[in-house]
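Student: With the sequence up front, the predicted model follows.
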Amino acid sequence: MISSHSYDVLVIGAGLAGMRAALTAHEQGVSVAILTKVHPVRSHSNAAQGGINAALTDRGDKWEDHAFETVKGSDYLGDQDAIEVLAREAGQDIITLEHMGVIFNRQDDGRLGTRRFGGQKKARTFFVSDFTGQAMLHVLYEQIMQAKIPVFEEWFATSLVKDDHGRCAGLAAFEIRNGNFALFRAKAVIMASGGLGRVYEPTTNALICTGDGMALAYRAGAPLMDMEMVQYHPTTLKGKGLLITEAARGEGAYLLNSKGERFMEHYAPNMLELASRDVVSRAAQTEINEGRGIKGCVLLDCRHLGRQVIQERLGQIHEEAKTFANVDLIEEPLPIRPGMHYQMGGIKTDINGRCWDPDGHWKGLHGLFAAGETACVSLHGGNRLGANSLLDTIVFGRRAGCCSAEYVRNLPKLHVPDSAIASDRRLVQALLARTGQGERAAALRLEMGTTMNRHVAVFREQDGMNIAKQHIRDLQARWPGITIQDKGHVFNTGVIAALELGFMLDCAETIIAGALTRTESRGAHFRTDYLDREDDEWLKHILLYHTGTGTPHIEYLPVKITQWQPQMRVY
């Protein structure tokens, strides 16, 4: 007997985007459930530290300024219709979060406090000390519990399923605590499963960030877009990859080289340490490459901020620096280096989260929606501004929830046979049946991560990316040889690691394909063999479709420009 569940809308992932989408769909009166491989408050949204952007008019700020700086930050690859939606709707969403119970920092006059983040001239980043994502995540989970929305915790999704008409109609998944499969039927699926940071090693991302949702959608026929755009955060701990928030520079911290120079004066003389992230990361990596680093790092200097600011506004990274680097930020600079942080690309969606185009300009998968880091609207284009990621999850999580509810309202029940999960059960059974001393998922995963970090990082060139492409193909060929020592079904992390590795290899395939295809430098994609941005040829998105051959099918879409024509980026 196959276990099955049926809902109007099924949300995959319980981070900020997933919970905001589920809450909105529930408010529209449709039946909703969430499926997540971890407890909701363990989602990676927890790791967002610095804040969330919004231009509030009572601060003398304008949404148009926020939108322009987002467009500029994207190196003009962001779709301006989506960016306008983001900036225009941000203010109300901040107020809604505050009313839900997010305790944002306040000024002495009682108004919500702000700090300035990179790539922006005004302080429009609202924050909760340096753990904003965690604060928002707990409040949204309270809302989910209050609404009594069912949450299937510690379930692992293995594939999307389709109905007789080729529409997305749910997914196959197994419960991690016992290994039992179930079929989840749904008129609409919202993918909100987060990023793919573990494709790289090291990374700021949690171990759960393995690109599951992107790979599931890719395999089911939805296109991934602009996957070459991988953001390296300028300030991470060497080796461990731990994120050191941009809020430190927002509060006034300096970046120093081995000579004690504020080297950003040479790269971004106007905005210095608060230039856009791709600019600061390239500057830091250049200092390191040219011998002005310290043991592969540069220094983040917070000493002049004083004890009170560091303890009250940067308390989390103060503790992390002590714990993981044995550095007291009050007394000495912290060695940091650029590290993989965020994927600007993802599952192609429109401004309502749909993974298909009602007008037919691009091929997608009806019934599938996406929001958050797993999606690509495209808001962030070639480079995401700090504190726009939390805003992305809230604004477009809400819009995906609203649109999905409208989509399912008059849709008849979809027919999906119980046999839809049979191939997934056979795959897991085959993994467990393998004997002998074959490959281990952890070893292949480390090879993949170090290869990507070596050849598809801050600086890229053709020969290195071709090496990475061949290595990823070799790893894909070796994946069927993985053996799992634990043959049980209860919390079998070996099975999960093997399946996650398969997802990550698919994601790596698309990142390399996009990076080899885009013969220019734009945003986070900087090629030493193509140094210039080429608007005449490359002011367009790259769509990648799964073929099963290791080489995606590639199509293109023009960037949507509403009011800001491309110009030289100067910080």
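Tutor: All right, it came through fine. The structure displayed is predicted, hence computed values, not measured ones.
Student: Please, which helix or strand holds residue 300?
Tutor: Per DSSP states H and E: residue 300 is located in strand 298-301.
Student: Could I get the average pLDDT for that strand?
Tutor: Mean pLDDT, computed over strand 298-301, is 96.
Student: Adjacent strands (with direction) for it?
Tutor: strand 254-256 (antiparallel), strand 334-343 (antiparallel) (DSSP bridges).
Student: Kindly export the following helix or strand past the shortest one (C-alpha atoms) in PDB.
Tutor: On the C-terminal side of strand 254-256, the nearest following helix or strand under DSSP H and E is helix 264-267. Taking only C-alpha atoms (Å, rounded to 0.1, in the frame of the first residue of the first chain), the coordinates of helix 264-267 have been written out as PDB:
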ATOM      1  CA  MET A 264      39.700  49.500  -1.600                       C
ATOM      2  CA  GLU A 265      40.800  53.100  -2.200                       C
ATOM      3  CA  HIS A 266      42.500  51.800  -5.400                       C
ATOM      4  CA  TYR A 267      39.500  49.800  -6.600                       C
END
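Student: Check which residues of helix 264-267 are buried.
Tutor: 264, 267 (16 or more other CB atoms under 10 Å). C-beta coordinates here come from the backbone N, C-alpha and C atoms, glycine included.
Student: residues in contact with that helix?
Tutor: With contact meaning CB atoms under 8 Å, 6 or more residues apart in numbering, helix 264-267 is reached by 255, 272, 273, 275, 279, 280, 282, 283, 286.
Student: can you tell me which residues contact residue 556?
Tutor: Residue 556 is in contact with 540, 541, 542, 543, counting by CB under 8 Å, 6+ apart.
Student: Return the per-residue confidence for the third one.
Tutor: Read that as residue 542. 98.
Student: just checking, what packs against the one helix or strand it maps to?
Tutor: In this structure, residue 542 sits in strand 540-545 according to DSSP H and E. Where contact means 3 or more CB pairs under 8 Å, 6 or more residues apart in numbering; DSSP states H and E, strand 540-545 is packed against strand 224-225, helix 493-517, strand 553-558.
Student: nearest to residue 156, of the contacts of residue 556?
Tutor: For these, the residue nearest residue 156 by CB to CB is residue 543; the value is 27.7 Å.
Student: any idea how far residue 456 lies from residue 524?
Tutor: 11 Å (CB to CB, to the nearest Å).
Student: nope, residue 5 is what I meant
Tutor: Applying CB to CB to residue 5 and residue 524 gives a distance of 39 Å.
Student: more neighbours, the two?
Tutor: residue 524 (29 against 16; other CB atoms under 10 Å).
Student: Please verify my assumption that that one contacts residue 230.
Tutor: Yes - using CB atoms under 8 Å, residue 524 makes contact with residue 230 at a distance of 6.0 Å.
Student: Not counting the strand holding residue 300 itself, show me its contacts.
Tutor: Here strand 298-301 has contacts from 235, 244, 248-249, 253-258, 263, 284, 287-288, 292, 333-337, using CB under 8 Å, 6+ apart.
Student: what comes up buried for stretch 11-27?
Tutor: 11-26.
Student: got it, and stretch 162-180?
Tutor: 162-163, 167-176, 179.
Student: what about the closest residue to residue 396 other than its chain neighbours, distance to residue 49?
Tutor: Distances taken as CB to CB, 6 or more residues apart in numbering place residue 371 nearest to residue 396, at 4.7 Å, with adjacent residues excluded. In this view, residue 371 and residue 49 are 21 Å apart by CB to CB.
Student: Same check on residue 157?
Tutor: To residue 49, residue 157 is 28 Å away according to CB to CB.
Student: Surely residue 347 and residue 353 touch.
Tutor: No - taking contacts as CB under 8 Å, residue 347 lies outside contact range of residue 353: 9.6 Å.
Student: Overlap in contacts, the two.
Tutor: 370, 375.
Student: For residue 105, give its distance to residue 314.
Tutor: 12 Å.
Student: got the contact list for the closest residue to residue 559 other than its chain neighbours?
Tutor: Spatial nearest neighbour of residue 559, excluding adjacent residues (CB to CB, 6+ apart): residue 539 at 5.1 Å. By CB under 8 Å, 6+ apart, the contact set of residue 539 is 76, 77, 558, 559, 566.
Student: got the phi/psi numbers for the most centrally placed residue in the chain?
Tutor: Nearest to the mean C-alpha position of the chain, counting by CA atoms, centre = their mean, stands residue 373 at 3.2 Å. Residue 373 adopts backbone torsions of phi -70, psi -30, taken as degrees, to the nearest 10.
Student: Kindly report the same for residue 74.
Tutor: Taking degrees, to the nearest 10 as the convention, residue 74 sits at phi -70, psi 0.
Student: Equivalent analysis for residue 419, please.
Tutor: With angles defined as degrees, to the nearest 10, residue 419 sits at phi -70, psi -10.
Student: if we can go back for a sec, residues in contact with the next helix or strand after the strand holding residue 300: which ones?
Tutor: Following strand 298-301 in sequence order, the next helix or strand is helix 307-313 (DSSP H and E). Residues from elsewhere that reach helix 307-313 (CB under 8 Å, 6+ apart): 105, 115, 129, 130, 247, 251, 302, 318, 329, 330.
Student: least trustworthy position among those residues, going by pLDDT?
Tutor: residue 130 (80).
Student: What strand or helix carries it?
Tutor: Counting by DSSP H and E, residue 130 is part of no helix or strand.
Student: so it makes contact with residue 50?
Tutor: Yes - at 6.6 Å, residue 130 counts as touching residue 50 under the criterion of CB under 8 Å.
Student: what sits in contact with each of these two?
Tutor: In contact with both residue 130 and residue 50: 245, 247, using CB under 8 Å, 6+ apart.
Student: thinking again about what came up before, show me which residues of the strand holding residue 300 are buried.
Tutor: Buried residues in strand 298-301 (16+ other CB under 10 Å): 298, 299, 300, 301.
Student: want to try TSV for the residues you listed, with distance to residue 492 as columns?
Tutor: What follows is the buried residues of strand 298-301, written out as TSV (distance: CB to CB, whole Å):
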residue	distance to residue 492
298	42
299	44
300	41
301	46
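Student: wait, which of the residues you listed is closest to residue 134?
Tutor: Nearest to residue 134 among those, with distances taken as CB to CB, is residue 300, at 21.7 Å.
Student: any idea how far residue 321 is from that closest one?
Tutor: 9 Å.
Student: and the strand holding residue 300, how far from the chain's centre?
Tutor: Strand 298-301 sits 26 Å away from the centroid of its parent chain (CA atoms, centre = their mean, to the nearest Å).
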